[in-house]
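In: quick one, what's the 3D model for this:
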Amino acid sequence: MKTELQLLIPVENQVREFDAKLLLACIAAKRGFSSVIGSRREMEFRIASFPRSLYLSKSMTIRSALLFKVAHKVGHNIVAWDEEALVHLPPETYFSDRLSPSSIRYVSHLLAWGQDNADLWRQYPNLPNGIPIHLTGNPRADMLRIEMRPFFAEHVEKIRKSYGNFILVNTNFNHVNAFSPDMNLFKPVKKPGATPRFGRGARGMSREFAEGLRDHKQAVFQDFQQLIPALEGSFPRYTIIVRPHPTENQEIYRNIAAQCRRVEVTNAGNVVPWILASKAVIHNCCTTGLEAYVMGVPAISYRATVNDFYDLGFYRLPNLLSHQCFDFEDLESTLGDILAGKLGPADGAEREELVKHHMVALNGPLACERIVDTCEQILNDGAKLGEPTLRYRLNRWYIAKGLGLVNRYKSYLPGEFNKPAFQRHRYPGISTKELGARLSRFQHLLGYSEKLKVEEISEQIFRISA
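Out: Numbers count the residues shown, from 1 in each chain. So this is what the prediction gives:
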């Protein structure tokens, strides 16, 4: 590399993203980069206080517009992927929800999950001319690969000791059962008969699309509320573990568990070890169905309520990669065969081709390695990240203070999305000791023995370097 470079790696949802992005930081350190990793919210507050860096954004929504503008102004080079582009909305709705012209104009390079993701972005009417799209894969996919699974071995063993044989039920009803009502597709009405207003979950959707999705999700949500106790009754030798979506309200599941003897509700840690520890996964239109498929764990998509407009237009990938059951008797029979060892994961050449079209880096170099390759290429192709002048540093300090004040003020506006309680729910934090232990496990798996330096910048942000 021509110049030392720092990566800024924001993490929004800790249980889903942190381990994969820590792997990225570990590989980056091995290649001579330093990385700042931690809470996205806290990193946004401090964005103008960091030396010029590559900012690896996880999304390009309208919410990022101010951050990107400031980051660009203070000299950061913005490289982006979209965490939600693997299982995505239909193109027009996806574009309105996940891509913003005022945000993407500041992005220099795009990193795609696979060919499907790249093809989707190329349809975007406001895609900047000439912006490179790199088929790197996503760090989260690295955690599914056989080489990385030993990272979770101790966690898998602890789960099995705690819960024995269990069936994992993954829910994704955050559109109708969100952590806060304002985050649903529609906000609760204050007066009977009033027309509900859009919630945050409907961003970018037409009312017709959002109403249809709400009705469908609500019906499937009811199916799963009936499914959980029914599973306990039909499979008395197994514990039923319910794992809600990270942004779901868990209360209704805890109420169900209180009426049962062998139902547990937990959101603890990354979902990968829970999938690996389970005997089978049950979901409806959930990315965990895809993750289970890649790891060779049997998965069932329970489709007692069917709406192919959404099930195949939005959630096609996880459904097609799972055994599909359309009533409880069908599920009971299929699950019984899985638990008896008569039936394994869904398979076949068509499914393999489907996965290859959507996900690269499931073999060969890791996605994290490909991303670091791209970062080196960006630097070597002329990204200018020189030292700022004194005047620039002073201006940057004022910008940092101003952006921090704006974001902190927004956190107290009506609606729970930005409120500290929800941010703590999504990013509870990690100790320096635990972070170091996870890094050591990654280094062992990578065969990288050089000691890494971990510096605590704040309670939720760390710098990792060789």
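In: stretch 348-367 spans what distance, first to last residue?
Out: 25 Å (Cα to Cα, to the nearest Å).
In: so what's L231 up against?
Out: By Cβ atoms under 8 Å, 6 or more residues apart in numbering, L231 lies in contact with I167, V169, Y238, I240, I282, L335. All C-beta spots, glycine's among them, are computed from the backbone N, C-alpha and C.
In: filter these down to the ones in helices?
Out: L335 (DSSP state H).
In: show me where the stretch 1-150 of the chain has strands.
Out: Remark: strands assigned in the stretch 1-150 of the chain by DSSP state E, counting those that start in this stretch are 6-11, 34-39, 54-57, 77-80, 107-112, 133-135.
In: which neighbouring elements make contact with the third one?
Out: For strand 54-57, the helices and strands in contact under the criterion 3 or more Cβ pairs under 8 Å, 6 or more residues apart in numbering; DSSP states H and E are strand 6-11, strand 77-80, helix 367-380.
In: would you format these as CSV with mean pLDDT and mean neighbour count included?
Out: Formatted as CSV, the helices and strands packed on strand 54-57 follow (pLDDT from 0 to 100; neighbours: other Cβ atoms under 10 Å):
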stretch, mean pLDDT, mean neighbour count
strand 6-11, 97, 24
strand 77-80, 97, 23
helix 367-380, 95, 20
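In: adding distance to R46, write these out as JSON lines.
Out: Formatted as JSON lines, the helices and strands packed on strand 54-57 follow (distance: least, Cβ to Cβ, whole Å):
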{"stretch": "strand 6-11", "distance to R46": "10"}
{"stretch": "strand 77-80", "distance to R46": "16"}
{"stretch": "helix 367-380", "distance to R46": "21"}
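In: OK, contacts around the residue lying closest to A304 once chain neighbours are set aside?
Out: Distances taken as Cβ to Cβ, 6 or more residues apart in numbering place D223 nearest to A304, at 4.4 Å, with adjacent residues excluded. By Cβ under 8 Å, 6+ apart, the residues touching D223 are N284, Y302, A304, T305.
In: let me have those residues in TSV, extended by neighbour count and secondary structure.
Out: Output for these, formatted as TSV (neighbours: other Cβ atoms under 10 Å; DSSP: H, G, I helix; E, B strand; the rest coil):
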residue	neighbour count	secondary structure
N284	28	coil
Y302	26	strand
A304	18	coil
T305	18	coil
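In: if we can go back for a sec, help me confirm that the residue nearest to A304 is found in a strand?
Out: No. With DSSP: H, G, I helix; E, B strand; the rest coil as the criterion, D223 is located in helix rather than a strand.
In: and it, how far from C325?
Out: For D223, the distance to C325 equals 11 Å [Cβ to Cβ, to the nearest Å].
In: where do the contact lists of those two overlap?
Out: Y302.
In: where in this structure is pLDDT low?
Out: Within the chain, the segments meeting pLDDT under 70 span 1-4, 382-425.
In: 90 - rerun?
Out: Across the chain, residues meeting the criterion (pLDDT under 90) sit at 1-5, 45, 48-49, 73-74, 180, 189-194, 246, 313, 379-429, 459.
In: per the record, what domains does it have?
Out: Structurally, the chain divides into domains by automatic domain parsing as follows: 6-144+366-465, 151-358.
In: re the thing from before, wait, which of the strands of the stretch 1-150 of the chain is closest to E264?
Out: With Cβ to Cβ, the closest approach to E264 among these belongs to strand 6-11: 26.4 Å.
In: quick one on the thing from earlier: kindly reformat the contacts of D223 as a markdown table containing distance to L435.
Out: Shown next, in a markdown table, are those (distance: Cβ to Cβ, whole Å):
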| residue | distance to L435 |
| --- | --- |
| N284 | 34 |
| Y302 | 37 |
| A304 | 42 |
| T305 | 42 |
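In: identify the farthest-apart pair in the residues you listed.
Out: Farthest pair in the contacts of D223, by Cβ to Cβ: Y302 and T305, 9.4 Å.
In: right, and A219 touches T305 too?
Out: Yes. The pair A219 and T305 passes the contact test of Cβ atoms under 8 Å, sitting 4.3 Å apart.
In: ok, H88 to R370 distance?
Out: Going from H88 to R370 by Cβ to Cβ gives 21 Å.
In: ok, now W113?
Out: 12 Å.
In: for those two, list the residues in contact with both.
Out: G137, V360.
In: count of neighbours near L320?
Out: L320 has 19 neighbouring residues, counting by other Cβ atoms under 10 Å.
In: and for D347?
Out: 11.
In: and what of V36?
Out: Look at V36: counted by other Cβ under 10 Å, it has 23 neighbours.
In: what's near enough to touch it?
Out: Neighbouring residues of V36 by Cβ under 8 Å, 6+ apart: Q6, L7, L8, I9, M43, F50, S53, I457, I461, F462, R463, I464.
In: pick the one among the residues you listed closest to L66.
Out: Nearest to L66 among the contacts of V36: M43, at 13.8 Å, using Cβ to Cβ.
In: the nearest residue to I228 once chain neighbours are set aside: which element?
Out: Among residues not flanking I228 along the chain, I256 sits closest, at 5.3 Å (Cβ to Cβ, 6+ apart). Following DSSP states H and E, one finds I256 within helix 251-258.
In: and the next element down the chain from that helix?
Out: By DSSP H and E, the next helix or strand past helix 251-258 is strand 263-265.
In: ok, I241 touching N170?
Out: No. Look at I241 against N170 with Cβ under 8 Å: they stay out of range, at 9.2 Å.
In: same drill for those two, tell me which one is more crowded.
Out: Using other Cβ under 10 Å as the criterion, I241 and N170 rank with N170 on top: 26 against 23.
In: how about the more buried one, what does it touch?
Out: By Cβ under 8 Å, 6+ apart, the residues touching N170 are R243, H245, V271, V281, I282, H283, C286, T288, G289.
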